[in-house]
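Chemist: Sequence first, predicted model second:
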Amino acid sequence: MKSGFVAILGRPNVGKSTLLNALAGQKVAIVTAKPQTTRNRIAGVVEVPARKGVHPAAQIVFVDTPGVHKPASQLDRRMLHEVHEALESRDLVLVLVDVTRKIQLATSNDRLPQDDSPGGGSENSPGCALSGAKGKPWGGAQKTIRPPHRAGTKLSDSEDEFLFSLIRKLDCPVFLVLTKIDLVRKDQLLPLIESLTRQFSFAQVIPISALKRDGLNVLLRKIVEVLPTGERYYPKDQYTDQPLRFMVAELIRESILIETGEEVPYASAVVIEQFEEPQGEPRPGKKPLTRIAAAIYCEREGQKAILIGKRGTKLKAIGSGARRKIESLLGAHVYLELHIIVEPSWRESRTFVESLDWRNQLEQLAQKQTDKME
């Protein structure tokens, strides 16, 4: 059997979470059209059955990361830290590139040739055997890579360069995954592929459409080929490492992202204050009832007013949308209570931002239980 960790890397809104959900066959990560939806690294566990004569059985732990962008706040720095954490414990990295966007990379002559740099590697590099297109050394002036379709937001060369600066430091195989190919003709992808493979020596180049599930089987097969032999990291029936409390908080935040605009989604955070699961067996024909109370944090009174809406209509819509998704997740009736707290400039507070990490929240809950027992 093979097993390993695969980090999913890319710019904001490139479709990382959509890919993770498609591969896992479950809603592991929330998805919206707004950039920076993902704030934490999230693992999705995929069991790949053996294919006789092709590959053995495998467990792949995909780690979705926040969209890579230059940090401008403490929250951004925390999100970038999540990216680095994912890259520290990985066997393979997928770099996702949206084929509908312009990619700009500024290169310089003072960088090492790709054959000597981590992640590029030669055919004899340990752990970096290449079976895809071979790259060429970095060098020359700014290179603009134009996709066949230029919908979406124009990205600055510094942001794309920031992403590629991360993969140059890697000492493991790196796959280039071209996303959203359902939006362009396949024969138009060749110029983009040629341009990117001249810039970096990717182990594989795989075009996909997560929505159409086009290319996903090829992606899984190529991943299994490079993973090491090992045992399962998670039980066979587990599809994520996230606790239910965090998944519930994320579903509430997804509802906020969908229902609000402007700066409100990015200035909002959700903390579960009460998660009371049903005790005992429910009555015949009745679903159990789970009681959940959550606080929605924002930074200004004006944002609070938007979240509440006229006569509470917006908060009601957020709660109704979230409750339906939570009930689907839990398989239970849910009583959901939401209230809003103004926490000025929370995105600049390191303490507050770190408290949003579900791993830290679990430690705090465990400590509270210990204190009660004592």
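Modeler: Great, that's in hand.
Chemist: What are the boundaries of the helices in the stretch 151-300 of the chain?
Modeler: In the stretch 151-300 of the chain, the helices defined using DSSP state H, counting those that start in this stretch lie at 157-167, 190-199, 216-226, 244-259.
Chemist: Residue most distant from the centroid, this protein?
Modeler: Note on the chain: the largest C-alpha distance from the chain mean falls to residue 284, namely 39.8 Å (CA atoms, centre = their mean).
Chemist: one step back: okay, the helices of the stretch 151-300 of the chain, which one's buried deepest?
Modeler: Sort the helices of the stretch 151-300 of the chain by mean neighbour count, taking mean count of other CB atoms under 10 Å, and helix 244-259 sits at the top with a mean of 22. C-beta here means a position set from N, CA and C on the backbone, and glycine is covered the same way.
Chemist: could you say what helices and strands it packs with?
Modeler: Secondary-structure packing of helix 244-259 (3 or more CB pairs under 8 Å, 6 or more residues apart in numbering; DSSP states H and E): strand 269-276, strand 289-298, helix 313-330, helix 358-373.
Chemist: Mind checking the ones you listed for the one nearest to residue 260?
Modeler: Of all those, it is helix 313-330 that lies closest to residue 260, at 7.2 Å by CB to CB.
Chemist: If we go by neighbour counts, what in stretch 90-108 is buried?
Modeler: 90-105, 107 (16 or more other CB atoms under 10 Å).
Chemist: actually stretch 47-64, sorry about that
Modeler: Buried residues in stretch 47-64 (16+ other CB under 10 Å): 47, 48, 55, 58, 59, 60, 61, 62, 63, 64.
Chemist: Render the CA-only coordinates of stretch 355-368 in PDB, please.
Modeler: Provided in PDB are the C-alpha atoms of stretch 355-368 (Å, rounded to 0.1, in the frame of the first residue of the first chain):
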ATOM      1  CA  SER A 355      -7.600  31.600  18.700                       C
ATOM      2  CA  LEU A 356      -9.600  31.000  15.500                       C
ATOM      3  CA  ASP A 357      -7.400  28.000  14.700                       C
ATOM      4  CA  TRP A 358      -9.500  24.900  15.500                       C
ATOM      5  CA  ARG A 359      -6.400  23.100  16.800                       C
ATOM      6  CA  ASN A 360      -6.000  25.800  19.400                       C
ATOM      7  CA  GLN A 361      -9.700  25.700  20.200                       C
ATOM      8  CA  LEU A 362      -9.500  22.000  20.900                       C
ATOM      9  CA  GLU A 363      -6.600  22.500  23.300                       C
ATOM     10  CA  GLN A 364      -8.600  25.100  25.100                       C
ATOM     11  CA  LEU A 365     -11.600  22.800  25.300                       C
ATOM     12  CA  ALA A 366      -9.500  20.000  26.600                       C
ATOM     13  CA  GLN A 367      -8.000  22.300  29.300                       C
ATOM     14  CA  LYS A 368     -11.500  23.400  30.400                       C
END
